[in-house]
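**Student:** here are the coordinates; sequence isn't available:
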């Protein structure tokens, strides 16, 4: 079935409002004294896309070719991606946050013809077999065997013709974080990405008068397809919590930002700074964040700094986003064991199941024979039009993580454990691989960690099982009465039914590189085995 090229949406937006502001690009982001901006209209951006498109053609690339993008997100990256899409080529998007080993595995598995990256990686290309037979382009420095990214940038501006594509053609390949093993390449085909954009437009404020301030980089790209203005936050996306709040607040007030999404790590630092300085951003009407569980203390502060904003917690994953949403006020007023992520969006079907060890398809009864009772915990599986159906060139991973439905769609196994309450809301309690076994019973970390984190003396806690040993890690705010703190922790954890465990005090509980906020339990096990 033929379907419109993703780039066609951008082309239509240019024709509709060529002089509309597309991007505000921050420069000199370390201080207000050095800060300045570059503004690009939709017509300006069209010209950039055209130059990259002509550069790709002149370099011999053609429909179906895959190109890895492992470089800082910028206006150049977005223009290049649109040029790639317009030609029916495929972007392989790698997040540096997944770590070097998994990056190298992903490069090997990608089937890409070329890679655009930076000298930090490419200077070692002679010693990295995964790079040997790929054309290499550096965004910051050339050297023997590595060309300049500018080699893919032509001087010619021509009319862009978006190649018509089939709905199952690859569009974007994004690799998972690989938290349970080797990273997998999610096949974001034309139909999948189109359906995802439809879901976002339906469930998120995407009116054309929006001034967006996204710290999730891919939303900048989505905004081009929706005709929205993007003010790029003054932050290094590889270090999302390391930025100057003065500059970021200046951007928000100057441009009267009214929509924002991003990670908890980015937002926590910003909210704390606004609260401390008693500043309100009254123009903000929509805020969404995700990537990890958030604290109730943080949620309670949102209304103080964003008085007019609808604040939402969004649940999603590499393979399916968005899945569900919960408004912050609802979370603050709800009591339950686990992390509330709310009601599934229209078009998303969620089931809570106990599955056999090996299962690759359902019969006509779908998931019903495996479904648990309302309120009981099980594995969260998802079905819907924007759910990624397969992993690229990896039938084994597809078989292990997808379950074929009689209607031809596949259910995605999220790897999360959760429950549905009597109001139809989804609560997460942990990951399947993080289930704790004690005396023949199963326990999940989130509810226990939540109860510990409410203690005044605890900054953060993490509960893991290392083989047979159960460990409770704590970051504590006090050090003069640690024996009393450990006694309270022992009482709390024992109240859940776990009576044998070790309490380990550490300076900092490690977090994931991607969101800089989710507990890195793999690292905890490795460093404290």
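**Tutor:** Perfect, thanks for sending it. These figures come from a predicted structure and were not determined experimentally.
**Student:** low pLDDT regions in the chain?
**Tutor:** Across the chain, the ranges flagged by pLDDT under 70 are 1-2, 178-181, 291-293, 479, 514-516, 529.
**Student:** top strand in it by residue count?
**Tutor:** strand 410-420 (DSSP state E).
**Student:** the helix or strand just after that one - contacts with which helices or strands?
**Tutor:** Per DSSP states H and E, the first helix or strand lying C-terminal to strand 410-420 is strand 426-431. In terms of contacts (3 or more C-beta pairs under 8 Å, 6 or more residues apart in numbering; DSSP states H and E), strand 426-431 is packed against strand 339-344, strand 410-420, helix 445-453. (Glycine included, C-beta is placed from N, CA and C.)
**Student:** now the longest strand of the chain and helix 445-453, what's the angle there?
**Tutor:** 40 degrees (axes from the mean of the first three to the mean of the last three C-alpha atoms, to 10 degrees).
**Student:** now the one helix or strand residue 54 maps to, how far from the chain's geometric center?
**Tutor:** Residue 54 is part of helix 42-58, with elements assigned from DSSP H and E. Helix 42-58 sits 28 Å away from the centroid of its parent chain (C-alpha atoms, centre = their mean, to the nearest Å).
**Student:** one step back: who wins for proximity to residue 96 among the helices and strands packed on strand 426-431?
**Tutor:** Residue 96 lies closest, by C-beta to C-beta, to one member of the helices and strands packed on strand 426-431: strand 410-420, at 22.2 Å.
**Student:** buried set for that closest one?
**Tutor:** 410-420 (16 or more other C-beta atoms under 10 Å).
**Student:** just flag the most distant two among the residues you listed.
**Tutor:** 410 and 419 (22.9 Å).
**Student:** tell me the one among the buried residues of strand 410-420 nearest to residue 31.
**Tutor:** For the buried residues of strand 410-420, the nearest to residue 31 is residue 416 (40.9 Å; C-beta to C-beta).
**Student:** gap between the residue nearest to the closest one when sequence neighbours are not counted and residue 216?
**Tutor:** On the basis of C-beta to C-beta, 6 or more residues apart in numbering, the spatially nearest residue to residue 416 that is not a chain neighbour turns out to be residue 380, at 4.5 Å. Plainly put, residue 380 is 21 Å away from residue 216 if you go by C-beta to C-beta, to the nearest Å.
**Student:** do residue 438 as well
**Tutor:** 37 Å.
**Student:** those two: who's more crowded?
**Tutor:** Each of residue 438 and residue 216 has its neighbours counted (other C-beta atoms under 10 Å); residue 216 has more, 21 against 16.
**Student:** can you classify the more buried one as helix, strand or coil?
**Tutor:** With DSSP: H, G, I helix; E, B strand; the rest coil as the basis, residue 216 sits in coil.
**Student:** you'd agree it is up against residue 262?
**Tutor:** Yes: Residue 216 lies in contact with residue 262 (C-beta atoms under 8 Å); the separation is 5.4 Å.
**Student:** list the contacts for residue 246?
**Tutor:** 31-32 (C-beta atoms under 8 Å, 6 or more residues apart in numbering).
**Student:** okay, and it sits in which element?
**Tutor:** Per DSSP H and E: helix 245-254 holds residue 246.
**Student:** state the next helix or strand along the chain beyond that helix.
**Tutor:** strand 259-263.
**Student:** what comes into contact with that following strand?
**Tutor:** Applying C-beta under 8 Å, 6+ apart, the external contacts of strand 259-263 come out as 205, 210-216, 219, 233, 240, 252, 284-292, 314, 515-517.
**Student:** now these: which count as buried?
**Tutor:** Using 16+ other C-beta under 10 Å, the buried members of the contacts of strand 259-263 are 210-216, 219, 233, 240, 252, 284, 286-292, 314, 515-517.
**Student:** ok, residue 503 - contacts?
**Tutor:** Counted by C-beta under 8 Å, 6+ apart, residue 503 has contacts 471-472, 474, 486, 489-490.
**Student:** restricted to buried residues, select the residues you listed in PyMOL.
**Tutor:** To isolate the buried ones among the contacts of residue 503 in PyMOL, judged by 16+ other C-beta under 10 Å, type:
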select buried, resi 471+472+474+486+489
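**Student:** nearest spatial neighbour of residue 382, skipping sequence neighbours?
**Tutor:** Using C-beta to C-beta, 6+ apart and skipping the chain neighbours, the partner closest in space to residue 382 is residue 412 (4.8 Å).
**Student:** run through the bridge partners of that neighbour.
**Tutor:** Beta-bridge pairing for residue 412 (DSSP bridges): residue 382, residue 402.
**Student:** quick check: it vs residue 466, distance?
**Tutor:** 29 Å.
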